[in-house]
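A.B. asks: the sequence and its predicted three-dimensional model are supplied below.
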Amino acid sequence: MIGLGAIKEKIRRALRTLYQEDRYLFVKGLCERCILHRFAVNLVRQNFEGYHVDCEYNRAHLGTRSTTKRVSNFNGNYIDIIITKRSNNPIDDLICFEVKKWDNYNGRDKDRQNLEILTGGTKFDYDYGFYVIFGKTIDKTKIEVYENGERMETLGGLEI
């Protein structure tokens, strides 16, 4: 298993690269999904060995069957980014991310609730959840870290 310190460092590197290489996305105010995709590409570059980085993931693997992932919405939820082994064992789900852009305030409470559920261990078993609110610049970006169904810390500015 990868420890939280190593995970946070990989996320920091992915964010720094995103803001350096794809500054245009922030300057021009491109959509959240575009930024999310480039962030995921940079997470892949961090080599979470044995794990896959997937965007807009909406499947839950329960035993031998695969079904729509229902976290807080009966019709199903799309989790912005997950890092998983893609197995039928929920213990192989490492990290989940919900993301927002600085100018999108819709659904923030719902996203936080999703992270509490996804890391809470009763229905899903992600080790860690990260709520990333992309700022126009990296120093304006904020990250909330979730573990065991609770927000553990908030990082921002120079901590990233």
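C.D. replies: That came through, no problem.
A.B. asks: show me where pLDDT drops low in the protein?
C.D. replies: Applying pLDDT under 70 to the chain picks out residues 57-77.
A.B. asks: go again using 90 as the cut-off
C.D. replies: Per-residue confidence for the chain (pLDDT under 90) gives these ranges: 1-2, 29, 55-79, 85-93, 105-108, 110, 117, 121-125, 156-160.
A.B. asks: Provide the secondary structure category for the residue nearest the centre of the chain.
C.D. replies: The geometric centre of the chain, computed from its C-alpha atoms, lies nearest to Phe97 (CA atoms, centre = their mean), at 1.3 Å. Using DSSP: H, G, I helix; E, B strand; the rest coil, the structure places Phe97 in strand.
A.B. asks: hey, what's it bridged with?
C.D. replies: Ile81, Phe130 (DSSP bridges).
A.B. asks: for the chain, what spans make up the helices?
C.D. replies: Secondary structure of the chain by DSSP state H: the helices cover 4-21, 23-27, 32-44, 108-119.
A.B. asks: want to throw those helices into TSV with mean neighbour count and distance to Asp93?
C.D. replies: For every residue, glycine as well, the C-beta is placed using N, CA and C. Listed next are the helices of the chain as TSV, based on neighbours: other CB atoms under 10 Å; distance: least, CB to CB, whole Å:
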stretch	mean neighbour count	distance to Asp93
helix 4-21	16	13
helix 23-27	14	28
helix 32-44	18	15
helix 108-119	19	8
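A.B. asks: turn those helices into TSV, including distance to Ile82.
C.D. replies: Listed next are the helices of the chain as TSV, based on distance: least, CB to CB, whole Å:
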stretch	distance to Ile82
helix 4-21	13
helix 23-27	22
helix 32-44	10
helix 108-119	9
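A.B. asks: figure out which of those is closest to Thr141.
C.D. replies: helix 4-21 (6.6 Å; CB to CB).
A.B. asks: centre of the chain to that closest one, how far?
C.D. replies: 12 Å (CA atoms, centre = their mean, to the nearest Å).
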